[in-house]
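Trainee: One predicted model, sequence on top.
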Amino acid sequence: MLDVFREGAKTWVSRLLIWFVALTFVGTAFAVWGKGTSTPEDAAAVVKGESISKRRLSERTRQVESMFRKQFEGLDPSMLKSLNASAVAMNSLIDVILQSKAAQTAGVTVTDGELSDAVRSMNEFHTAGAFDGRRYIEVLKRNGMTPKGFENSVRADILVGKFKMLINSDVYVSNIEAMNQYAYEHQQVVVEYVDVNKETMKSKIGVDEEKAKAWFEDKKQTFEEPEKRDFKLVVINFSSLAEKVEPTDEEIERYYSDNSEQFAVPEKVHARQILVKVSPTASDEEIKAATAKIEKAYGRIAIVGDDFADVAKEMSEGPAAMSGGDVGTFQRGVMVAEFDKIVFGLEPGKISSPFQTEFGLHVVEAISHEQSRIPELAEVKSQVKEMVARNKASVEGRKTLEHVRDRLVAGSDLDSVVTSFAGVEVKDYFAIKGIPVISFEYPADLIDNFVFKLPAKGVSEIMDLMDASLFLVVEAIHEPRVPAYAEVKEKALEAYKSTLAFKKADEVALKIEKAVKEGGDLKTLAEANGLTMKTTKPFSRAERKKAGESARNRGMREEAFALSVGEAIASPTGAGHVVLKVLARPPLDTAKVEKEISEFKKTLIEKKKSRVYSEFLANLRKKADVDGEINIIVNLDKKI
């Protein structure tokens, strides 16, 4: 089961500490999970008696907005508003509570050991390949999290993961179901096609400028130039300041005394293993053979006295076989739970009896065993010194920036003020509303949340990042405007011509489609319209999907799979139509089917599990709605 926990752990860290922190303002990466922590006045919703605070919803909403911006490049504010990130965020928070409640009702629990394994396995908290308590606290602190809040979040994710496994435990795919789906995805077609698009029609289009002017007047709002702003970013970076800070011995000793747990060295074991792999779908005969092999290996070491490393090189099926089975030094939670339980219970130089994990059958030898300890100050003094210097630099740097901001607000000139304070930088930027500022190296949300909300000459509050503090100053605002026809004449003429060409492409494509259906030859009809007919190689739905949109042949259209040999259709595209005619439907390759069907079935089972759980979750939500167990208090159409 630990693989589920570890996968959950990876999911949490990548989602919470890397992706969200990279895309959202530091300190809002995650809202603490807590039961009954919100007062009614602060509640955005109540789900089965548990409150979702407005702060929690606001933070999740910012996370969702960041996700949308990443998925849809160039997303402007109006489009972002139409996606209703608040509603998406609320739904996700409700779903997590419903799943957790259902899991608890079903008797699913998460032990402290399981939670510890999950957190300690997260690479983001590792130093030199091992869990680092100091780094754990520091990373959480920098991202506005507490250990309790973060661990409660991970616990909830593990709980949901275990519950999901419980719900999916009986999911089954029959051989007939697998074969039918395989045929659906891998049945190939060969298509003759003609691409009728606006580019091919432009040469056939003449433009009347008076009509183009009239068209522009009707469409001129589409030529509107968005709001633009000139702004300055005033920043002080702590790293450069820290290099000039020299902490005293007293400061170093005090920090170490107050934070010694951060420097804890975890318990570690250096081990070797002999592994005989056993597939989850292994037959009785295969299991019997694997058991005989691991017992033989164990006997050679424990009874005959052969060297463990020599036997591992000869008999182990693990990746470390060639190095005598040496799997290195690791802490608890890195390996699966069954492996940890055995190896951490061995004394150095001792070997285990054969035991089983999800990977197969094992025999392990403990080479060395280091107990958890807190190092003396002398061992970590350089690290402590660096942290004290960094903390002092951040405090001093922020105070410096506060002085700069205060003098600017009081009416002083920014450039003259900055010269009086070492380490303060001023950077000039130009932003167009709805378009990312490519050269802007700070959180993108600062543009929408501050630059486009401040008045001209407005100064933002100071914001603290992990390595810097900063504030923004709006220098000038250029309001949106619709240019005159003369200013955008060439652009308007090209847009008008494209509109006419697109309409012409539709007319030609539908005319060719009609003629083919009446018995006309596609190639002859294409040439009569100055176009070229092409023929695809055989392709299936699976091959079409794998090719991707950019690499996909223009004739590789989904509609082709619904056509019989000889049938035709005009398939619309973003630039016109592609007229398709199915030339052939080659039979499935029997040998290929036999080779691939087993793995295909396994993949299909996983997809079915995902679908089953999604349906279960939808029913869970529906029942909670019907029973009145979901009370959304806030208006999700408004900014939270």
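Mentor: Ah, there it is.

Trainee: helix or strand for the closest residue to residue 185 other than its chain neighbours, which one?
Mentor: Distances taken as CB to CB, 6 or more residues apart in numbering put residue 542 closest to residue 185, at 4.5 Å, once the chain neighbours are dropped. The C-beta positions use only the backbone N, C-alpha and C, and glycine is treated the same way. Element membership of residue 542 [criterion: DSSP states H and E] is helix 541-551.

Trainee: Check which residues of that helix are buried.
Mentor: 541, 544 (16 or more other CB atoms under 10 Å).

Trainee: avg pLDDT for whichever helix or strand comes after that helix?
Mentor: Using DSSP H and E, the helix or strand that follows helix 541-551 in sequence is strand 568-573. Average pLDDT, strand 568-573: 93.

Trainee: can you list contacts of the helix or strand residue 140 falls within?
Mentor: For residue 140, the host element (DSSP H and E) is helix 133-142. Residues from elsewhere that reach helix 133-142 (CB atoms under 8 Å, 6 or more residues apart in numbering): 17, 26, 119, 124-127, 146-147, 150, 259, 261-264, 266, 383, 387, 466.

Trainee: Looking at those, which are in strands?
Mentor: Counting by DSSP state E, the part of these found in strands is 126-127.

Trainee: Can you turn the buried part of the contacts of helix 133-142 into a ChimeraX selection?
Mentor: Buried residues within the contacts of helix 133-142, by 16+ other CB under 10 Å, are selected in ChimeraX with:
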select :17,26,119,125,126,150,259,262,263,264,266,383,387
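
Trainee: So which of the contacts of helix 133-142 are in helices?
Mentor: 119, 147, 150, 259, 383, 387 (DSSP state H).

Trainee: Name the nearest of these relative to residue 109.
Mentor: Checking the ones in helices among the contacts of helix 133-142 against residue 109 by CB to CB gives residue 119 as the nearest, at 17.0 Å.

Trainee: just checking, that closest one touches residue 126?
Mentor: No: the pair residue 119 / residue 126 is not scored as a contact, 11.2 Å apart, by CB atoms under 8 Å.

Trainee: what about the strands in the stretch 351-500 of the chain?
Mentor: 355-357, 360-370, 424-432, 463-464, 468-478 (DSSP state E, counting those that start in this stretch).

Trainee: CSV for these, including mean neighbour count?
Mentor: Below are the strands of the stretch 351-500 of the chain laid out as CSV (neighbours: other CB atoms under 10 Å):
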stretch, mean neighbour count
strand 355-357, 16
strand 360-370, 20
strand 424-432, 15
strand 463-464, 19
strand 468-478, 18
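
Trainee: Tell me the first helix or strand C-terminal of the helix or strand hosting residue 154.
Mentor: Per DSSP H and E: residue 154 is located in helix 147-167. Using DSSP H and E, the helix or strand that follows helix 147-167 towards the C-terminus is helix 175-186.

Trainee: What sits closest to residue 181 if chain neighbours are left out?
Mentor: Closest to residue 181 by CB to CB, 6+ apart is residue 604, at 5.8 Å.

Trainee: Check what pLDDT the one you found gets.
Mentor: 94.

Trainee: what separates whichever strand or helix holds it from the chain centre, distance-wise?
Mentor: Using DSSP H and E, residue 604 sits in helix 590-626. Centroid separation for helix 590-626 versus its chain: 22 Å, with CA atoms, centre = their mean, to the nearest Å.

Trainee: who does the helix or strand just after it touch, helix- and strand-wise?
Mentor: Next in sequence after helix 590-626, counting helices and strands by DSSP H and E, comes strand 630-632. Here strand 630-632 touches strand 43-47, going by 3 or more CB pairs under 8 Å, 6 or more residues apart in numbering; DSSP states H and E.

Trainee: Any figure for the gap between the closest residue to residue 260 other than its chain neighbours and residue 137?
Mentor: Leaving aside its sequence neighbours, residue 260 sits nearest to residue 374 (CB to CB, 6+ apart; 5.3 Å). Residue 374 is 14 Å from residue 137, where distance means CB to CB, to the nearest Å.

Trainee: I'd guess residue 230 is in a helix, am I close?
Mentor: No: assigned with DSSP: H, G, I helix; E, B strand; the rest coil, residue 230 falls outside any helix and is strand.

Trainee: Do I have it right that it meets residue 476?
Mentor: Yes: shown here, residue 230 and residue 476 form a contact pair, counting by CB under 8 Å, at 4.4 Å.

Trainee: What residues of the helix holding residue 154 count as buried?
Mentor: 149-164, 167.

Trainee: show me where pLDDT drops low in the stretch 301-450 of the chain?
Mentor: By pLDDT under 70, the stretch 301-450 of the chain contains no weakly predicted segment.

Trainee: could I get stretch 241-261 in CSV with only the CA atoms?
Mentor: C-alpha atoms of stretch 241-261 as CSV (Å, rounded to 0.1, in the frame of the first residue of the first chain):
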residue,chain,number,x,y,z
LEU,A,241,23.0,41.3,1.6
ALA,A,242,23.6,38.0,3.4
GLU,A,243,27.1,37.9,2.0
LYS,A,244,28.0,41.0,3.9
VAL,A,245,26.4,39.9,7.2
GLU,A,246,28.7,38.4,9.8
PRO,A,247,26.7,36.7,12.6
THR,A,248,28.2,36.6,16.1
ASP,A,249,28.9,33.4,17.9
GLU,A,250,26.2,34.3,20.3
GLU,A,251,23.6,34.6,17.5
ILE,A,252,24.7,31.3,16.0
GLU,A,253,24.5,29.5,19.3
ARG,A,254,21.1,31.0,20.1
TYR,A,255,19.7,30.0,16.7
TYR,A,256,21.0,26.5,17.0
SER,A,257,19.6,26.1,20.5
ASP,A,258,16.2,27.3,19.4
ASN,A,259,16.1,25.2,16.2
SER,A,260,18.3,22.2,16.8
GLU,A,261,15.5,19.8,15.6
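
Trainee: now residue 566, nearest residue through space, not along the chain?
Mentor: residue 582 (6.7 Å).

Trainee: SS state for that neighbour?
Mentor: Quick answer, by three-state DSSP: residue 582 is strand.

Trainee: start the count at 155, not 1, going forward
Mentor: New numbering, starting at 155: the last item is residue 736.

Trainee: isn't it right up against residue 719?
Mentor: Yes: using CB under 8 Å, residue 736 is in contact with residue 719, at 5.3 Å.

Trainee: Identify the residues contacting residue 693.
Mentor: 342-343, 345, 701, 707, 710.

Trainee: can you put those in JSON lines and add pLDDT and distance to residue 336?
Mentor: Shown next, in JSON lines, are these (pLDDT from 0 to 100; distance: CB to CB, whole Å):
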{"residue": "342", "pLDDT": "95", "distance to residue 336": "13"}
{"residue": "343", "pLDDT": "96", "distance to residue 336": "16"}
{"residue": "345", "pLDDT": "96", "distance to residue 336": "21"}
{"residue": "701", "pLDDT": "82", "distance to residue 336": "19"}
{"residue": "707", "pLDDT": "67", "distance to residue 336": "23"}
{"residue": "710", "pLDDT": "91", "distance to residue 336": "19"}
